[in-house]
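In: with the sequence up front, the predicted model follows.
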Amino acid sequence: MKVNKIIAAKLLLSLVIMVGFTSCSKKSDSKGGSRATGWKINDKKGGFQYASKFKKQATGPGLVMVEGGTFTMGKVQDDVMHDWNNTPNQQHVMSFYMDETEVTNLMYMEYLDWLKRVFPPDQENYKNIYEGASPDTLVWRNRLGYNETMTNNYLRHPAYAEYPVVGVNWIQATEFAKWRTDRVNEKILEDQRYLKKDAKVTDETAEKVFSTEAYLASPSTAMGGDDKLVLKKGQKPGAAPKASASSGGTNTQGNSPKNVYAQRTSGLILPEYRLPTEAEWEYAAAADVGQREYNAYKGQKKYPWSGQYTRSGKRQVRGDQLANFKQGKGDYGGIAGWSDDGADITNKVKSYPPNDFGLYDMAGNVAEWVADVYRPIVDDEANDFNYYRGNVYMKDKIGDDGKVELVTAETQKFDTLSNGKIIARNLPGQIAQVPVDEKETYLRQNFDKSDNRNYRDGDKQSTRYFKFGGSEEGDEKGKMSDSQRMYDSPKHNVSTDSLGNMVRRYDKSNKRTTLVNDDVRVYKGGSWRDRAYWLDPAQRRYFPQDIATDYIGFRCAMSRVGPKSDKKKRARN
């Protein structure tokens with residue numbers, strides 16, 4: 001009997017312990033509780049604030065999602081031109097977003113209007129900003145052709161509003177993408193009441209420009225530190241913000257605590273708009289996702305659509321051209337009437353069917369800038385994941401007071417391009433940038449310097465033992481002599497004398513063997529001036545980043561954060 005009582009007591013004790021563990025487990029997994037500490041998250045009384053209700057990244061204006069994957073980058077068709085700069089190699093790209101169409105004249109004019117309004121060209125400090133961003137309309141001129149109609153009308157006439165913008169060099173395209181990032185995030189924060197309503201139109205001046213990175217670094221000093229424009233959650237415009245221990249906290253989608261600024265952890269602020277990498281552009285153009293018979297591993301597709309021809313095979317539109325390109329000598333569109341491609345020069349975006357990612361004009365209309373610096377070979381041995389050549393790592397400039405330095409009208413930098421055009425390197429209100437140094441690179445294995453454009457490209461400066469201090473023979477202050485440079489491209493130089501006059505020095509050397517250098521960029525896709533040969537997504541060409549043409553435009557991309565796709569999780573057995 002005594003033994004039975006002892007056994008019963010032990011069973012009761014075990015049951016109590018099990019119940020206790022169960023209750024603790026439930027408590028730690030309760031709503032709002034941290035799995036690390038058990039503390040409450042997003043408690044109204046304070047503590048750690050986080051976007052616990054965040055679902056997924058919002059799709060930015062003009063973008064469509066491109067689900068990442070593997071593909072054969074490079075040309076696998078017969079190489080009739082005997083090029084050797086696009087040999088096939090297998091690559092993998094992460095999911096990203098890309099503009100549905102090329103950037104149009106109307107979109108670019110919105111950018112120009114904003115620059116003109118915020119940085120008036122008639123003011124000495126800002127006189128070069130608007131002009132430096134303006135497309136080169138003279139690209140339409142031809143010594144033996146009458147194209148003045150396009151020179152005078154193509155950019156601004158409403159008849160061309162939905163045509164792709166041209167006359168924009170690579171540098172201008174990247175600056176447009178930066179501007180677009182700030183305007184999109186500015187509107188998001190305004191809609192969520194972190195910025196004064198309509199401030200982007202009525203209150204934005206050169207001294208009070210919104211910059212995404214400046215806002216994230218120090219919200220209270222963004223837009224000139226005007227607390228009537230930059231608000232905390234729940235603060236009414238014009239009211240003084242309340243002191244709060246969590247002023248550096250976050251807002252969330254649906255559970256935003258009051259009296260805080262938005263931060264990156266809010267999930268509201270989108271990643272930056274940018275030019276797509278070459279790998280991203282080619283992957284998006286090929287769109288293997290829709291035609292599995294053209295296996296992505298074999299890379300058998302010739303065009304962004306299925307088939308080996310440029311005309312549609314569908315019954316209702318049979319014979320229609322699927323892209324805008326040059327069909328032959330003196331033939332830019334075909335005979336007037338049915339079966340031509342509907343365009344003499346460029347054409348309205350969305351005039352031709354999209355590919356299987358929903359992207360328009362990935363072949364024809366205009367060729368497009370991509371982010372990469374050109375080299376004849378894609379170094380898949382060094383990297384086969386999110387391949388990109390062109391990384392120049394920078395960091396925020398920190399002042400003596402320990403705070404980030406913002407660009408002002410007095411500290412703004414301008415670059416004089418090789419053709420004499422002056423372009424703003426940064427705009428007032430942005431964070432000043434400086435190259436990364438040994439503090440960031442010391443003992444790192446993945447990168448060891450700021451500028452990586454010529455990494456492993458075969459020149460002497462890419463070798464591990466190259467001495468940058470200038471002690472090598474024939475190398476003064478780290479600059480290589482012409483005999484040491486692998487890519488001995490011309491060195492044109494533009495500068496100003498003491499009187500402010502422009503001095504152009506054109507390199508007339510007859511010893512140059514290439515035009516390749518760190519300032520030439522890849523452009524992809526055929527244009528209205530190109531034969532069908534160039535419509536293949538694998539084709540690649542290059543052009544100086546500071547020169548514009550009448551056949552190169554661009555579209556923007558944006559990285560995707562989080563899962564590869566929005567598909568539901570696969571069920572597990």
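Out: Perfect, thanks for sending it.
In: flag the shaky bits of this protein, pLDDT-wise.
Out: 1-32, 234-259, 290-300, 313-319, 337-339, 459-486, 500, 568-573 (pLDDT under 70).
In: check it and tell me which residue is nearest its centre.
Out: Closest residue to the average C-alpha location of the chain: Arg274 at 1.4 Å, with CA atoms, centre = their mean.
In: please name the residues that touch that one.
Out: Applying CB atoms under 8 Å, 6 or more residues apart in numbering, we find Arg274 in contact with 174, 177, 371, 556-559. Bear in mind the C-beta positions are built from the backbone N, C-alpha and C, glycine included.
In: list the beta-bridge partners for it.
Out: Ala557 (DSSP bridges).
In: do you know how far it is from Ala173?
Out: Applying CB to CB, to the nearest Å, one obtains 10 Å for the distance of Arg274 from Ala173.
In: straight-line length of stretch 214-222, end to end?
Out: One end of stretch 214-222 sits 6 Å from the other (CA to CA, to the nearest Å).
In: I misspoke; the intended subject was stretch 124-138.
Out: With CA to CA as the measure, stretch 124-138 spans 25 Å from end to end.
In: wait, Asn324 sits on Ser351?
Out: Yes: with contact defined as CB atoms under 8 Å, Asn324 counts as touching Ser351 (7.1 Å).
In: who has more neighbours out of the two?
Out: Of the pair Asn324 and Ser351, Asn324 is the one with more neighbours under other CB atoms under 10 Å, namely 27 against 20.
In: ok, so of the contacts of Arg274, who is nearest Val289?
Out: Among the contacts of Arg274, Ala557 lies closest to Val289 (CB to CB), at 16.8 Å.
In: the closest one: how many residues sit nearby?
Out: Ala557: 24 surrounding residues under other CB under 10 Å.
In: before we move on, what about Pro88?
Out: With neighbours defined by other CB under 10 Å, the count for Pro88 comes to 15.
In: cool, Asn142 as well?
Out: Neighbourhood size, Asn142 [other CB under 10 Å]: 9.
In: who does it bridge with?
Out: With DSSP bridges as the criterion, Asn142 is bridged to Gly145.
In: how far away is it from Thr549?
Out: As defined by CB to CB, Asn142 lies at a distance of 12 Å from Thr549.
In: what's the answer for Met109, then?
Out: Look at Met109 and Thr549: by CB to CB, they are 19 Å apart.
In: more neighbours: these two, which one.
Out: Taking neighbours as other CB under 10 Å, Met109 and Thr549 compare with Thr549 leading, 19 against 15.
In: these two touch, right, that one and Val165?
Out: No: Thr549 is beyond contact range of Val165, at 12.0 Å (criterion: CB under 8 Å).
In: for the residue found closest to Val349 once you drop the neighbours it is linked to in the chain, the count of nearby residues, please.
Out: Spatial nearest neighbour of Val349, excluding adjacent residues (CB to CB, 6 or more residues apart in numbering): Thr101 at 3.7 Å. Neighbouring residues of Thr101 were enumerated by other CB under 10 Å; the total is 23.
In: which residues touch Thr101?
Out: When contacts are counted by CB under 8 Å, 6+ apart, Thr101 touches 62, 164, 349-350, 359-361, 555.
In: which one of those is nearest to Leu195?
Out: Taking CB to CB as the measure, Leu195 lies nearest Gly62 of these, at 21.4 Å.
In: mind listing the helices for the stretch 401-550 of the chain?
Out: Per DSSP state H, counting those that start in this stretch, the stretch 401-550 of the chain carries helices over the ranges 438-441.
In: one more: the stretch 101-250 of the chain?
Out: Under DSSP H, counting those that start in this stretch, the stretch 101-250 of the chain gives helices at 105-118, 127-133, 148-153, 170-191, 199-202, 212-217.
In: including distance to Tyr332, could the ones you listed go into JSON lines?
Out: As requested, those are exported to JSON lines (distance: least, CB to CB, whole Å):
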{"stretch": "helix 105-118", "distance to Tyr332": "20"}
{"stretch": "helix 127-133", "distance to Tyr332": "30"}
{"stretch": "helix 148-153", "distance to Tyr332": "13"}
{"stretch": "helix 170-191", "distance to Tyr332": "25"}
{"stretch": "helix 199-202", "distance to Tyr332": "41"}
{"stretch": "helix 212-217", "distance to Tyr332": "42"}
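In: for Lys449, find the nearest of these.
Out: helix 170-191 (21.1 Å).
In: follow-up on the earlier one: nearest to His92, out of the helices of the stretch 101-250 of the chain?
Out: helix 170-191 (23.9 Å).
In: so what's Thr441 up against?
Out: If you count contacts by CB under 8 Å, 6+ apart, Thr441 has them with 447-449.
In: TSV for these, including neighbour count and distance to Gly33?
Out: Below are the contacts of Thr441 laid out as TSV (neighbours: other CB atoms under 10 Å; distance: CB to CB, whole Å):
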residue	neighbour count	distance to Gly33
Phe447	13	39
Asp448	15	43
Lys449	15	45
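In: contacts for stretch 350-362, please.
Out: By CB under 8 Å, 6+ apart, stretch 350-362 touches 64, 66, 98-102, 162, 164, 284-285, 287, 289-291, 304-305, 312, 321-324, 342-343, 349, 364-365, 525, 537.
In: recalculate using a threshold of 6 Å.
Out: With CB atoms under 6 Å, 6 or more residues apart in numbering as the test, stretch 350-362 has contacts from 64, 66, 101-102, 284-285, 287, 289-290, 304, 322-323, 349.
In: may I see the buried residues of it?
Out: Judged by neighbour count using 16 or more other CB atoms under 10 Å, the buried positions of stretch 350-362 are 351-352, 354-355, 357, 359-362.
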